[in-house]
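Participant: coordinates for the following, if possible.
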Amino acid sequence: MKLLSSKQIAELDKITIKNEPINSWALMERAALKLVNKLLQQQELIVDYYSDETRSIIKCFCGSGNNGGDGFSIARHLISKGFVVEVYWVQFSNTLSNDALINYNLLLDDQIEIKTINDENIDDVFIKENDLVLDAIFGTGLNRPIQDFTKTLVQKINQSGTKIISIDIPSGLFADDNRVNDFEAIIKADITYTFQLPKISFLQPQNQIFTGSWEVLDIGLQIQSVSEFESNNYWVNKAFTLGLMQPRKAFSHKGTFGHALLIGGSLGKIGSIAMATKACLRAGSGLVTVCVPQCGVEIVQTLIPEAMVLPNQGKGVLEGNIEIGNKTAIGIGVGVGLDEKTAKTLQNIITNTNGPLVIDADGINILAENKTWLAFLPNLTILTPHPGEFKRLVGDWQSDEEKIEKLKEFSRKFNLIVILKGAFSIVCTPNGNLFYNSTGNAGMATAGSGDVLFGIITGYLAQGLSPLNAAILGVYNHGLAGDLMVESTSQTALIATDIIEGLRYC
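Facilitator: Reported below is the predicted structural model:
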């Protein structure tokens, strides 16, 4: 699914209003009811704010635009269900949008007081630690930093110590690019409930402090129209991955599903290539040969009897030429270390391989020390750096947006598929398309998780998937396996071999 800019999301609203048909106020009401129902399902969030006997209050801060209109509507529905809600109009403009004005007047019709906040009374605003703040001040259309009394209000809310729920987007955060934003003037939500699509800024590490945990609420926009918009950003969910892997035919044999060659390991780091090998097999590669230094031969043959082992001439590190043969995919890098002899081996593989490679871990670090070799990588080779490894390749960055620009330029310059690992791992193509992954959890931040991903991707590439599809499906199923396994353990207890086992359920 394509991810849209803030302007495109507004256009999608208009398309829905025109073609459903539905008027804009009714669409706002639909979104408000969706969020209220979500809150009612999360009883632990709002149970303390029910009935007039409580001293805890839901404080709903509403701006003058349509995001404020959402807030007015949400407040009205919560009050109708018996919750104690104080409604505030944050008067950064003296006029309300048309739909916000309708909801404002509906509150007045119900004799519900609306308190106005402006530069004259901002010092009087007081928020208790046991209140609940609903943030509906600014929406996705904001394109300049919050200033003046509204900034003061945002800082009061952030400093209150209370729980904060943002509606659609934390006020002050730009939906797309935050390089010119004022990070001292953005709501720091505990939870963000956003409508229909993730916002691009939600997927950047620097903004997690503002969004908190976030969830997409489907409000019935005509999502089929998303394909009509120009976008280089994609959200990889289950529907996106359907069809990337073809069903197996009855008369298939092991040769049908490719032969992967995995090259890795060094003294003390054989576990990395062992996990990668098992993951490659779990991903469905028909045959897997693993090349390790002599110190790892017995270990790998004992741990993974399904794999064939090609002993390298090196005792503790990889060295010399490696016979590639007719393998359908080659992966190198995990656990190899930075020895000069190993670097020479990697160089030989690069110059003697025509098809795409998968390069991870110390393989990337070797490339970072020998950047001239990048120009000789086979087209659409897959690199899988974490942020630290990527920084060694391209240098530092000042913002996540600059990091993304460097990612696109690096992929384009060397004609590579680059997977920048982390939460919402990004698969980048040479033409600048970015595929953000929707699966995975913080429990996967554990030793060996990247080695497993490396093995999965090499296994998919061996079976004939294109480098792009192998990367997208590999990242998605790697995260999905982690999500499935964490259901029976905990994020703290999850280890890399659990992820391999989770592949059997993907």
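Participant: could you use CA atoms for every contact and neighbour count after this?
Facilitator: Will do.
Participant: residues touching residue 60, list them.
Facilitator: 71, 72, 75, 85, 86, 87, 88, 133, 134, 135, 136 (CA atoms under 8 Å, 6 or more residues apart in numbering).
Participant: do residue 25 as well
Facilitator: 99, 102.
Participant: list the buried residues of the helix or strand hosting it.
Facilitator: Assessed by DSSP states H and E, residue 25 sits inside helix 24-41. Neighbour-count burial for helix 24-41, counted by 16 or more other CA atoms under 10 Å, picks out 24-25, 27-36, 39.
Participant: over to stretch 332-339?
Facilitator: Result for stretch 332-339 [16+ other CA under 10 Å]: buried residues 332, 333, 334, 335, 336, 337, 338.
Participant: and stretch 227-240, how far apart are its ends?
Facilitator: End-to-end span of stretch 227-240 (CA to CA, to the nearest Å): 13 Å.
Participant: run a quick neighbour tally on residue 340.
Facilitator: Neighbourhood size, residue 340 [other CA atoms under 10 Å]: 13.
Participant: got a pLDDT number for it?
Facilitator: Per-residue pLDDT puts residue 340 at 98.
Participant: before we move on, which element is residue 310 in?
Facilitator: With DSSP H and E as the test, residue 310 turns up in strand 308-311.
Participant: ok, now residue 88?
Facilitator: With DSSP H and E as the test, residue 88 turns up in strand 85-90.
Participant: circling back to that earlier point, what subset of the contacts of residue 60 is buried?
Facilitator: 71, 72, 75, 85, 86, 87, 88, 133, 134, 135, 136.
Participant: turn those residues into CSV, including distance to residue 491.
Facilitator: Formatted as CSV, these follow (distance: CA to CA, whole Å):
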residue, distance to residue 491
71, 34
72, 38
75, 35
85, 36
86, 38
87, 38
88, 39
133, 29
134, 29
135, 30
136, 32
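Participant: need the CA coordinates for the longest helix belonging to the chain. CSV is fine.
Facilitator: Across the chain, the helix with the greatest residue count (assigned by DSSP state H) is helix 467-486. C-alpha atoms of helix 467-486 as CSV (Å, rounded to 0.1, in the frame of the first residue of the first chain):
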residue,chain,number,x,y,z
PRO,A,467,16.2,-9.3,-5.2
LEU,A,468,13.5,-6.7,-4.3
ASN,A,469,10.9,-9.3,-3.5
ALA,A,470,13.3,-11.4,-1.6
ALA,A,471,14.2,-8.4,0.5
ILE,A,472,10.6,-7.3,1.1
LEU,A,473,9.3,-10.8,1.9
GLY,A,474,12.4,-11.6,4.0
VAL,A,475,12.0,-8.5,6.2
TYR,A,476,8.2,-9.0,6.5
ASN,A,477,8.4,-12.7,7.5
HIS,A,478,11.3,-12.1,9.8
GLY,A,479,9.3,-9.6,11.7
LEU,A,480,6.1,-11.7,11.5
ALA,A,481,8.0,-14.7,13.0
GLY,A,482,9.1,-12.5,15.8
ASP,A,483,5.6,-11.3,16.4
LEU,A,484,4.2,-14.8,16.4
MET,A,485,6.8,-16.1,18.8
VAL,A,486,6.5,-13.2,21.3
